[in-house]
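# requesting a structural model of the entry that follows:
(one chain, ligands or ions: 1)
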Amino acid sequence: MSSNPQKTRHLLGQSAVVVGAGIIGLLSACVLSDYFDHVVILDKDDAQEDGGPIFQARKNAPQGHHLHILLSGGSQIIEDLFPGIDKDFTQAGAQQIYFPRDIRWFISNRWFPRHRGELKTFIQTRPLLEAVIRARVRALPNVTLKSSTRVIDYRLGPDGQAVTGVSVLDSDAVRRVIDSDFVVDAGGRGALLTKWLERQTFGPLRETLMGIDLAYATTFFDLPPDPDRDWKMLVCHPEAPQQKTGGVISSVENGHWHVTLAGYHKDHAPTDIEGFKAYAARLPVPDLYEQIKDLTPIAPIRSYYFPASLRRHFDEMQELPDGLVGIGDVIGSLNPAFGQGISNGALQVDALHRHLAKRAERREGLAGLQFPYYAEATKAIDPAWNMAGSENLRDPLTTGHRPWHFALSQWYSNRLLKSPDVHVVEQFFRVMHLVDPPSSLMTPDMIRRVLKVGRMDIGARRVPEAGVHT
Ligand SMILES: Cc1cc2nc3c(=O)[nH]c(=O)nc-3n(C[C@H](O)[C@H](O)[C@H](O)COP(=O)(O)OP(=O)(O)OC[C@H]3O[C@@H](n4cnc5c(N)ncnc54)[C@H](O)[C@@H]3O)c2cc1C
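Sure thing, here's the model as predicted:
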């Protein structure tokens, strides 16, 4: 669904507030700008200006130091919201890549077959991604972005049933009230929303955790030119439970290369360069290490600890105030190693868009919108949650619920990941990129193709890498 400010729509209110100018807050503001006279985005960070060094993430989005892959599902939604933004990304230096042609991916103890697939997206640093989207949002005439403004409370109307605005501390630490017909909280995993709902006796919000004890270590290198390098990203994915360490090297803007090493369950990468390289040498294949072994990083090595994937079941709440919804990491904060966070949030933005459009079309107000919205937005996480879970829960050290069909799903996905059939590979990527639903891997034709994989293939420890097929 595309956001089109030119189109005359029935407005749903005078003003909307978005808490958080992260990527999902920015996308939400774009959608809201079609349905409200004025939209204000509030962020406690003071580093909202465009430009600056690519290695410098914002203080309140420290994950921005680390690799941020944009899956095709998210990329398509962003392009729908901001037509032509692909060109802005390219001009800013992002690298367009096609999956799986431009990626060497070691998973399930083999190099995944490469062919000229249709799925495309961009690779870049997160600061670049955010800056390009922020520039588009700043250009929307009815959207204002206020930095250094911390939201400290939501305001409930006299009947206690609807949110009427937010209280903020502005850059001078002055407390102010901003009235609003609709508040979208895109404040990330630690957003105010959940504690506030409990405080206001809307009840406890059920959360599901999957304990993965994951740590990232990331830096940048300048690789010397290599005519044989026919890829833009190389991913080494650990085969749980035997392997705990993975890594990615990825081409980003200005000719730099982003290197992230990630380890589960106490096997975490060191942040000194000798330890970092030694850890890279321990990855299941030496290919990433070979790229960096003689090089000096051009940025500090930064770490990020991610104890558990988290989802919040807003859809189960019986009572919730009107005029307030959460979005993005507020609803689900997923294992970053699968690169799903932004695309998941974008799917929720899409759900919000559909519900706002429906209300506007029917000339209905906003009352009660939160319930159908959450039903859809919470469900939108299922594919990503289940996909990451099917990998992570293979390790007995991962805590979390293993569904009754876990062993059967593992059996099937092992076969699927070993399939040499280009059709299977293509469809797997479409699901992994959150473009198609997981059910598309279970059609009779797909099952037949997947089961064709012989016993010899399944048993093979290492399958040699083939080149790119046309
Ligand atoms: C190490 C790491 C690597 C990742 N890699 C990827 C990847 O490769 N691909 C991918 O798609 N996703 C990745 N993710 C996930 C991704 O970062 C998030 O899912 C995505 O940024 C969406 O987050 P968000 O906009 O909901 O929240 P955030 O990006 O966390 O933004 C929240 C914003 O809200 C502001 N804020 C919070 N509270 C307040 C308040 N009270 N008042 C005012 N402002 C407030 C903060 O300053 C911040 O700017 C990764 C995450 C981590 C931790």
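# from now on I want contacts and neighbour counts done on CA atoms only, so please keep to that.
OK.
# give me the pLDDT value at the closest residue in space to Pro420 that isn't next to it in sequence.
When the adjacent residues along the chain are set aside, Pro420 lies closest to Pro113, with 6.9 Å between them (CA to CA, 6 or more residues apart in numbering). On pLDDT, Pro113 comes in at 84.
# gap between Pro113 and His423?
Distance check for Pro113 against His423: by CA to CA, to the nearest Å, it reads 11 Å.
# show me which of these two is the more surrounded one.
Remark: of Pro113 and His423, Pro113 carries more neighbours, 25 against 12, as counted by other CA atoms under 10 Å.
# correct me, but the more buried one touches Lys418?
No. With contact defined as CA atoms under 8 Å, Pro113 does not count as touching Lys418 (9.4 Å).
# could you pick out the longest strand of this protein?
When the chain is scanned for its longest strand (criterion: DSSP state E), the result is strand 207-221.
# report the closest residue of the stretch 351-470 of the chain relative to the ligand.
At 10.1 Å from the ligand, His433 is the closest residue in the stretch 351-470 of the chain, using CA to the nearest ligand atom.
# how many neighbours does that residue have?
Using other CA under 10 Å as the criterion, His433 is surrounded by 26 other residues.
# surely it touches Leu71?
Yes. With contacts defined as CA under 8 Å, His433 counts as touching Leu71 at a distance of 5.0 Å.
# which residues of the stretch 151-300 of the chain lie near the ligand?
Contacts of the stretch 151-300 of the chain with the ligand, taken as CA under 6 Å from any ligand atom, map to Val151, Ile152, Ala186, Gly187, Gly188, Ala191, Leu192.
# any regions of the stretch 351-470 of the chain where pLDDT drops low?
Along the stretch 351-470 of the chain, the model assigns pLDDT under 70 to residues 453-470.
# contacting residues around the residue nearest to Asn254 when sequence neighbours are not counted?
Leaving aside its sequence neighbours, Asn254 sits nearest to Gly93 (CA to CA, 6+ apart; 6.4 Å). Contacts for Gly93 were tallied using CA atoms under 8 Å, 6 or more residues apart in numbering; they are Gln124, Val252, Glu253, Asn254.
# 10 Å instead, please
Contact partners of Gly93, counting by CA atoms under 10 Å, 6 or more residues apart in numbering, are Lys87, Phe122, Ile123, Gln124, Thr125, Leu128, Val252, Glu253, Asn254, Gly255.
# what do you get for Asp37?
Here Asp37 is in contact with Leu11, Leu12, Gly13, Gln14, Ser15, Ala16, Pro141, Asn142, Val143 (CA under 10 Å, 6+ apart).
# so it, which state does it fall into?
At Asp37 the chain is in strand, as set by DSSP: H, G, I helix; E, B strand; the rest coil.
# so which strand or helix has the closest residue to Ala217 other than its chain neighbours?
Beyond its immediate neighbours in the sequence, the residue positioned closest to Ala217 (CA to CA, 6+ apart) is Ser303, lying 4.3 Å away. Under the assignment given by DSSP states H and E, the secondary-structure element containing Ser303 is strand 302-312.
# next: Ala280.
With secondary structure defined by DSSP H and E, Ala280 is part of helix 273-281.
# which bits of the stretch 301-450 of the chain sit near the ligand?
Counting by CA under 6 Å from any ligand atom, the residues of the stretch 301-450 of the chain lying close to the ligand are Tyr304, Gly328, Asp329, Pro336, Gly339, Gln340, Gly341, Ile342, Ser343.
# mind listing which of the residues you listed are in strands?
Cross-referencing those with the strands (criterion: DSSP E) gives Tyr304 as the overlap.
# and the residue nearest to the spatial centre of the chain, what is it in contact with?
A centroid search over the chain (CA atoms, centre = their mean) returns Gly341, at 1.7 Å, as the residue closest to the centre. With contacts defined as CA under 10 Å, 6+ apart, Gly341 is in contact with 24, 68-71, 74, 328-329, 332-335, 381, 384.
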